[in-house]
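Chemist: coordinates only, sequence not included:
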């Protein structure tokens, strides 16, 4: 598998040019406008190669940086990401930093080589002096720290599930850190430990650390211990790659989604942890508590790291709408802990936007079988839409509607003129 990727923006300042004697170990290839599958090699400090490859100095530059390679081959996501950048941003130069000869090594050796690649990219950016976007994990962090030595600063770095092994717990100089750019954000999609190993880094190291679906399980990715052992037995080390690839690579597809589906940007919400988020405690956008995942994030730098959480679908477009449902219970019996399931049905079926108020909201409260079930008093039901921050309250339609017994359904009407209702069943 690849060590993963990241996104950064570079704002360079005029400075002295690097010496022509520097020989990079990486190969820089520029994607052509005519065919996204074709690339042209750009040689450091040789301006004629820029002209020959069609490099436009008035356009920003995007550099895609792959990670550790098991088989020495470029992965398919690279061309897909390049295509998404081209189609979304239009006038942009897209380049790949090819370091396969250094990446196709034993993992510890490849980790050591990431510093060399970071230095190569720093030399390239000093030479070009253009506005830049880089995608490629800890390597971009090393590029940023190298640039800082000469007084230049990376504007943004986005880590897309940066790898953890041999980076986890290291000093900020030995991995990606907030000091490497003016703004650093990260998207964690595979931090769950398997076989004593977490592929993605678990520690916080950015101004914003996003956790889609809690940062571990990703919808549509089947990951079980027995699958790992079966894949290892059948494919060797390549079997481990196949097992973890789906969740680990989901981060790049989320980023591509943010480029291709501008009208379906995913909102994330700051929370202390995933447990609190799952309970619905964190759906507040005041004081920059929520932000957009991916390319169009609001770059608001803070003193402490923020941890936004979100839910996604299993396929593109990944956007889901987030709702917080609060039910006011006044228990008139002994202490009980009912299990509550809520289903929402929109008036238009396909369109879940808040403007289309639900025609019905049903709350199901199953109880254990007994001769006489408990009775609850429901004060009101409040629904809050995360994307719009709009709240709507539902109240009982009848005087006895607030009293609910097992298997009993009551209707709660929305407290506004629009025709909508909520049904609550005990």
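Modeler: Alright, I've got the coordinates. Everything numeric in this text was worked out from a predicted model, so none of it was measured.
Chemist: got any ranges where the stretch 51-200 of the chain has weak pLDDT?
Modeler: Across the stretch 51-200 of the chain, the ranges flagged by pLDDT under 70 are 133, 193-198.
Chemist: could you pull out the strands for it?
Modeler: 61-65, 93-98, 132-135, 153-160, 181-187 (DSSP state E, counting those that start in this stretch).
Chemist: which strands or helices does the third one pack on?
Modeler: In this case it means strand 132-135. strand 5-11, strand 61-65, strand 153-160 (3 or more C-beta pairs under 8 Å, 6 or more residues apart in numbering; DSSP states H and E). Using the backbone N, CA and C atoms, a C-beta is placed for each residue, glycine as well.
Chemist: how far off centre is the longest one?
Modeler: This means strand 153-160. Offset of strand 153-160 from its chain centre (C-alpha atoms, centre = their mean, to the nearest Å): 14 Å.
Chemist: and the helices in the stretch 151-300 of the chain, which stretches?
Modeler: 225-235, 237-260, 274-278 (DSSP state H, counting those that start in this stretch).
Chemist: who's in contact with the nearest residue to residue 159 once chain neighbours are set aside?
Modeler: Leaving aside its sequence neighbours, residue 159 sits nearest to residue 186 (C-beta to C-beta, 6 or more residues apart in numbering; 3.7 Å). Each residue near residue 186 by C-beta atoms under 8 Å, 6 or more residues apart in numbering is listed here: 6, 158, 159, 160, 161, 162, 176, 205, 206, 208, 209, 210.
Chemist: the residues you listed, buried ones only, as a ChimeraX selection?
Modeler: The buried residues among these can be selected in ChimeraX (16 or more other C-beta atoms under 10 Å) with this line:
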select :6,158,159,160,161,162,176,205,206,208,209,210
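Chemist: generate JSON lines for the contacts of residue 186, with distance to residue 316 as supplementary columns.
Modeler: What follows is the contacts of residue 186, written out as JSON lines (distance: C-beta to C-beta, whole Å):
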{"residue": "6", "distance to residue 316": "20"}
{"residue": "158", "distance to residue 316": "18"}
{"residue": "159", "distance to residue 316": "21"}
{"residue": "160", "distance to residue 316": "15"}
{"residue": "161", "distance to residue 316": "17"}
{"residue": "162", "distance to residue 316": "22"}
{"residue": "176", "distance to residue 316": "26"}
{"residue": "205", "distance to residue 316": "27"}
{"residue": "206", "distance to residue 316": "24"}
{"residue": "208", "distance to residue 316": "22"}
{"residue": "209", "distance to residue 316": "23"}
{"residue": "210", "distance to residue 316": "17"}
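Chemist: can you tell me how far residue 277 sits from residue 258?
Modeler: 20 Å (C-beta to C-beta, to the nearest Å).
Chemist: count the neighbours of residue 83 for me.
Modeler: 17 (other C-beta atoms under 10 Å).
Chemist: check residue 288 too.
Modeler: Neighbour tally, residue 288, other C-beta under 10 Å: 12.
Chemist: tell me how far it lies from residue 299.
Modeler: From residue 288 to residue 299 the distance is 11 Å (C-beta to C-beta).
Chemist: so residue 136 is in contact with residue 97, correct?
Modeler: Yes. Shown here, residue 136 and residue 97 form a contact pair, counting by C-beta atoms under 8 Å, at 6.8 Å.
Chemist: more crowded one of those two?
Modeler: residue 136 (32 against 24).
Chemist: what's the closest non-adjacent residue to that one?
Modeler: residue 65 (2.2 Å).
Chemist: shared neighbours, residue 136 and residue 97?
Modeler: 63, 64, 65, 66.
Chemist: who wins on neighbours among these?
Modeler: Of the shared contacts of residue 136 and residue 97, with other C-beta under 10 Å as the count, residue 65 tops at 30 neighbours.
Chemist: distance-wise, check it relative to residue 29.
Modeler: 12 Å.
Chemist: just residue 266 next, same as before
Modeler: 31 Å.
Chemist: show me what contacts residue 178?
Modeler: Counted by C-beta under 8 Å, 6+ apart, residue 178 has contacts 172, 184, 205, 206, 207, 305.
Chemist: residue 323: which of the residues you listed is nearest?
Modeler: Residue 323 lies nearest to residue 305 out of these, by C-beta to C-beta, at 26.6 Å.
Chemist: rewinding a little: shared neighbours, residue 65 and residue 29?
Modeler: Listed contacts common to residue 65 and residue 29 are residue 96; contacts here mean C-beta under 8 Å, 6+ apart.
Chemist: show me what the residue positioned nearest the centre of the chain is bridged to.
Modeler: Nearest to the mean C-alpha position of the chain, by C-alpha atoms, centre = their mean, lies residue 187 at 3.7 Å. As for beta bridges, residue 187 partners with residue 160, residue 210 under DSSP bridges.
Chemist: pretty sure it is touching residue 254, no?
Modeler: Yes. At 6.2 Å, residue 187 counts as touching residue 254 under the criterion of C-beta under 8 Å.
Chemist: low-confidence ranges in the stretch 301-426 of the chain?
Modeler: 331-375, 399-401, 405-411, 416-426.
Chemist: now with 80, please.
Modeler: 301-304, 329-380, 395-426 (pLDDT under 80).
Chemist: my guess is the residue nearest to residue 136 meets residue 117, correct?
Modeler: Yes. Assessed by C-beta under 8 Å, residue 65 is found in contact with residue 117 at 7.1 Å.
Chemist: before we move on, the earlier item: for residue 266 and residue 29, indicate the residue with more neighbours.
Modeler: In terms of neighbours (other C-beta under 10 Å), residue 266 is the more surrounded of residue 266 and residue 29; the figures are 25 against 19.
Chemist: distance of that one relative to residue 181?
Modeler: 22 Å.
Chemist: ok, back up a step: between residue 187 and residue 254, which contacts overlap?
Modeler: 212, 293, 294.
Chemist: which one of these is nearest residue 77?
Modeler: Looking across the shared contacts of residue 187 and residue 254 and measuring by C-beta to C-beta, the closest to residue 77 is residue 294, at 14.9 Å.
Chemist: check contacts around the closest one.
Modeler: By C-beta under 8 Å, 6+ apart, the residues touching residue 294 are 187, 254, 255, 257, 258, 259, 265, 266.
Chemist: same check on residue 320?
Modeler: Going by C-beta under 8 Å, 6+ apart, the list of residues near residue 320 reads 266, 310, 311, 312, 313.
Chemist: which pair of those residues spans the longest distance?
Modeler: The widest separation within the contacts of residue 320 (C-beta to C-beta) is 11.2 Å, between 310 and 313.
Chemist: what about these two, which has more around it?
Modeler: For residue 310 versus residue 313, the count of surrounding residues by other C-beta under 10 Å is larger for residue 310: 25 against 14.
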